[in-house]
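# based on what follows, work out the 3D shape:
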Amino acid sequence: DHPVILYPPTFTRNVCSAPHLMAEIDRLAKTHPWDWVITFHPKLTDPGIIAGYKRIAEENENVIFYEGSDVMLCDSSSIILEFMFLDKPVVTFRNSHPGPHLIDVDTPEAVGPAIERALARPEGLMEEIRSYTMHHEPHRDCRCSARVLDAVDDYIVRGHAGLKRKPLNLVRKWKLRRQLHYYPLLEKFRRR
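As a prediction, this is how the structure comes out:
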């Protein structure tokens, strides 16, 4: 009967919100009628963070583990887009690429009000989410794999026909060779 908040922070150390939000999530779990789903990426291995969130789950009956959620609380994890494909809002903490499709906050105290806004599912936010997800994946007919296989078959039959050549891009090649100290023409002249 309660709204469910999914919290799957990224494991990348410099953008991971787990150490910053532990106290605030503990406070929200004690003061709001929300069920929390807290899950970590297998690469998030900090024993202090894991123990802290396990303690929160043990002390609060509304911190549970099950599938299904109404809102996601996240940071900059790649799971954000997949969650928005379910037509559900995401609250982010210091997201590296915030936009109108997210409710991004930069202080732990702003998380609670942002979740309340997300639970209200304002139409403007939901339209931004739909627009953003359609930009990333306009095909919603469950035939993406079939299209890939058709394209592979077409390439096998036609080969390069109809494909444009890549641009020459001499500047990029020069920069890469300079970085690798690869100068084959100079080596020929040096040998003489």
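# low-confidence ranges, the chain, go.
42, 65-68, 191-192 (pLDDT under 70).
# quick one, strands of it?
Applying DSSP state E to the chain gives strands spanning 4-7, 35-38, 71-74, 90-93, 103-105.
# now those in TSV, with distance to Val63?
C-betas here are computed from N, CA, C, even on glycine. Formatted as TSV, these follow (distance: least, C-beta to C-beta, whole Å):
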stretch	distance to Val63
strand 4-7	9
strand 35-38	4
strand 71-74	13
strand 90-93	17
strand 103-105	20
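# mind putting those in CSV, mean neighbour count and distance to Gly112 included?
As requested, the strands of the chain are exported to CSV (neighbours: other C-beta atoms under 10 Å; distance: least, C-beta to C-beta, whole Å):
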stretch, mean neighbour count, distance to Gly112
strand 4-7, 22, 10
strand 35-38, 21, 12
strand 71-74, 25, 10
strand 90-93, 24, 10
strand 103-105, 21, 9
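# Gly124 is nearest to which of those?
strand 103-105 (11.3 Å; C-beta to C-beta).
# tell me which stretches of this structure form helices.
Remark: helices assigned in the chain by DSSP state H are 18-31, 47-59, 79-84, 111-120, 123-136, 144-158, 170-180, 184-191.
# out of the ones you listed, which gets nearest to Ser96?
Using C-beta to C-beta, the helices of the chain put helix 79-84 closest to Ser96, at 10.7 Å.
# so what's the gap between the closest one and the chain middle?
6 Å (C-alpha atoms, centre = their mean, to the nearest Å).
# for that helix, packing partners?
strand 71-74, strand 90-93, helix 123-136 (3 or more C-beta pairs under 8 Å, 6 or more residues apart in numbering; DSSP states H and E).
# export those to TSV and tack on distance to Asp150?
Shown next, in TSV, are those (distance: least, C-beta to C-beta, whole Å):
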stretch	distance to Asp150
strand 71-74	34
strand 90-93	33
helix 123-136	21
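# thank you, goodbye.
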